[in-house]
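# Sequence plus the predicted model coming up.
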Amino acid sequence: MRRRAQGRDALGRQGGLMGRDAMTGQSGLTVSDTMMQRGGAGADKRYIYLTWDDAPQRGTMSCAEVFIRHQVKATFFAVGMNIHNTEGREALDTIASAYPQLLLCNHGWSHGFHDHYKTYYSLPDSAIGDLMQNDSCFHFRQKIVRLPGSNSWVSNLENKGPQSTEPVREGLSRMGYRVIGWDVEWGLRDRNDRGRGAGPLDRGAEQLAREVERDLDQGKTNVAHSIVILSHDRFFSGAAAVDSLAQFIAILRQDPRNVFETIDHYPM
Ligand SMILES: [Zn+2]
């Protein structure tokens, strides 16, 4: 268990963390907190969660191959309606069977009624039904969801996001689901290209790696010592972007404190 970002510790310790971390009995510190203060094992680790959305699509297997080749853990959030052929189905099967290195999680069947997010979140029962439809198709290992088109978070410790997603967040929370948002997004330079997924990335591997290091150093992430990076498989359908992804991983790898993890290990 990693120490949480400032201001969230008290909430964390009253909530779900109690069951997962034995208490030391001193000032409410958990065993792992105390280890960190003493510089014990894992004290200086920083956890990097690569979370790639909308699989299967162009670029899904390119990303999976980079992660496998470089032996880094990563998470794909799957969209059922994006399966158009056996190739797509096989890509998801490859990811699902690569656990614990790769993890497949739920991003909803219809991607928010085909990107109609306002309607989607105004009909919470239908939205949750759409997520459950995806779940019954893939039988995801974990009750972990990324909401389409929304940076929202739900766990034992927090429930936050835009007002529009609140009914869906509440419903999922009652059903025991966690919702994962993101700290940093790796996108395309031209936002108009996002839908079709072609075009240069909005920043190179070195710049993004510097931002990740800075945000971790300055505690600017949702949970201290952890950073969730969002991108989309389709941005990596070209050779230049695939090279950037490999380079990004290689740069972060140079710091022995950095550990890549799947999102089921996120401290929530
Ligand atoms: Zn998406």
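Good, I have the coordinates. Numbers count the residues shown, from 1 in each chain.
# contacts and neighbour counts: CA atoms only from here.
Will do.
# Does residue 49 touch residue 264 like I think?
No. Using C-alpha atoms under 8 Å, residue 49 makes no contact with residue 264, being 9.6 Å away.
# Following the chain onward from the helix or strand containing residue 51, which element is next?
For residue 51, the element it lies in under DSSP states H and E is strand 46-55. Next helix or strand after strand 46-55 toward the C-terminus (DSSP H and E): helix 60-69.
# Pull out the buried positions in that next one.
By neighbour count on 16 or more other C-alpha atoms under 10 Å, the buried set for helix 60-69 is 60-64, 66-68.
# how about the residues of this protein near the ion?
54, 148 (C-alpha under 5 Å from the ion).
# gap between the residue minimising distance to the centre of the chain and residue 84?
For the chain, the residue nearest the mean C-alpha position is residue 51 (3.9 Å; C-alpha atoms, centre = their mean). Distance, residue 51 to residue 84, by C-alpha to C-alpha, to the nearest Å: 22 Å.
# ok, back up a step: need the residues that contact the strand holding residue 51.
73-79, 82, 92, 107, 111, 216, 225-233, 257-263, 266 (C-alpha atoms under 8 Å, 6 or more residues apart in numbering).
# what angle do it and helix 60-69 make?
Compare the direction of strand 46-55 with that of helix 60-69 by axes from the mean of the first three to the mean of the last three C-alpha atoms, to 10 degrees and you get 160 degrees.
# quick one: strands adjacent to strand 46-55?
strand 74-78 (parallel), strand 226-232 (parallel), strand 258-260 (parallel) (DSSP bridges).
# Give the next helix or strand downstream of the longest one.
Put plainly, it is strand 226-232. By DSSP H and E, the next helix or strand past strand 226-232 is helix 239-253.
# Just the buried residues of that following helix, please?
So helix 239-253, judged by 16+ other C-alpha under 10 Å, has buried residues 241-242, 244-249, 252.
# Which of those sits closest to residue 165?
residue 245 (31.2 Å; C-alpha to C-alpha).
# Check whether that closest one really touches residue 203, as I assumed.
No. Checked against C-alpha under 8 Å, the pair residue 245 and residue 203 is beyond contact range at 11.1 Å.
# Neighbour count: residue 49 and residue 264, which is higher?
Comparing residue 49 with residue 264 by other C-alpha atoms under 10 Å, the one with more neighbours is residue 49, at 25 against 19.
# For that one, which non-adjacent residue is closest in space?
residue 228 (4.7 Å; C-alpha to C-alpha, 6 or more residues apart in numbering).
# Show the contacting residues for the one you found.
Here residue 228 is in contact with 48-51, 181-184 (C-alpha under 8 Å, 6+ apart).
# Among those, which one lies nearest to residue 221?
Once C-alpha to C-alpha is applied, the member of the contacts of residue 228 that ends up nearest residue 221 is residue 183, at 5.9 Å.
# State the phi and psi torsions of the closest one.
phi -100, psi -40 (degrees, to the nearest 10).
# Model confidence score at it, please.
pLDDT recorded at residue 183 is 98.
# thinking it is in contact with residue 227, fair?
Yes. Under the criterion of C-alpha under 8 Å, residue 183 makes contact with residue 227 at 6.1 Å.
# more crowded one of the two?
Neighbours were counted for residue 183 and for residue 227 using other C-alpha under 10 Å; residue 227 has more, 25 against 17.
# I am finished for the moment; much appreciated.
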